[in-house]
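A.B. asks: give me coordinates for this.
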Amino acid sequence: MSWKLEAEEYAKVQAPREACGVVIIRKGREVFWPCKNISEYGNNFCIDPSDYAAAEDEGEIVAIWHSHYGVPPEPSEADKVSCEKSGLEWYIYSTPMNAWFNFKPSGFIAPLVGRQFVHGVVDCYALVKDWYQLERNIILPEFERKDNWWHKGENLYIENFRKAGFEETDTLEPGCGILMQIMSPVPNHAAVYLGNDLIIHHMFNRLSSRDVYGGMYKKYTSRIVKYVKRD
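C.D. replies: Okay, the predicted model is just below:
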């Protein structure tokens, strides 16, 4: 049985939830390695790190696979972003449409305004990271962001903003990062200040947007940070 047939059967068993897995090369053959989807959100997937590590122990991972249910297999914006991060070829199988699609990294960056929210992939930090790359030619580091980390004892923005090259400041100017604490024990949202009382950011379950910096956004501001160039 080809690995695609095995993947199709796995997708049907997991439906309507998205199924996921990887393809490895073992003893000169492509082998399908099913993985657990640990995402807490609906039509989304996140490969269990322990399953991914087990696959690496068995062979070289050459592709990522997941399923769509009831929609075509064309990649979503989040799929394209994740493919770029992985550096691997991606395959999507749609059930019950019984259709396949595959694609490879191509330099894709989602539009800064109007992107859909997928936590850990296309979220507020991803927006900040992409803005700095596109507007300032600055590459910020990537950080793993587990679902609801702010309610699980983690404090990612405070622990990592200095590692990313930022320092606290009392002066708000274009390009500054604004950390907000929204219904959370720790700062859990970030925006970039554009000047003229405008910010660009990506709220949970909303499209990324430019908004006036005032009202709730100022109310929930925890601190302002500025990128400092380091040699």
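
A.B. asks: just give me the longest strand of the protein.
C.D. replies: Longest strand in the chain, counting residues (DSSP state E): strand 60-69.

A.B. asks: how about whatever helix or strand comes next after it: buried residues?
C.D. replies: Downstream of strand 60-69, the next assigned helix or strand under DSSP states H and E is helix 77-86. Residues of helix 77-86 classed as buried: E77, A78, D79, K80, V81, S82, C83, E84 (neighbour count, 16 or more other Cβ atoms under 10 Å). C-beta: built from backbone N, CA, C; applies to glycine.

A.B. asks: quick one: the fifth one and G107 touch, right?
C.D. replies: Pointing back at V81 there. No: under the criterion of Cβ atoms under 8 Å, V81 makes no contact with G107, lying 11.4 Å away.

A.B. asks: and the helix or strand hosting A126, what does it pack onto?
C.D. replies: Using DSSP H and E, the element containing A126 is helix 124-136. Packing partners of helix 124-136 (3 or more Cβ pairs under 8 Å, 6 or more residues apart in numbering; DSSP states H and E): strand 189-195, strand 198-201.

A.B. asks: distance to I182 and mean pLDDT added to those strands, as CSV?
C.D. replies: Listed next are these as CSV, based on distance: least, Cβ to Cβ, whole Å; pLDDT from 0 to 100:
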stretch, distance to I182, mean pLDDT
strand 189-195, 5, 98
strand 198-201, 11, 98
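
A.B. asks: list the buried residues in the longest strand of the chain.
C.D. replies: Result for strand 60-69 [16+ other Cβ under 10 Å]: buried residues I61, A63, I64, W65, H66, S67, H68, Y69.

A.B. asks: list the strands paired with that strand, with their directions.
C.D. replies: In the sheet, strand 60-69 lines up against strand 20-26 (antiparallel), strand 89-95 (parallel) (DSSP bridges).
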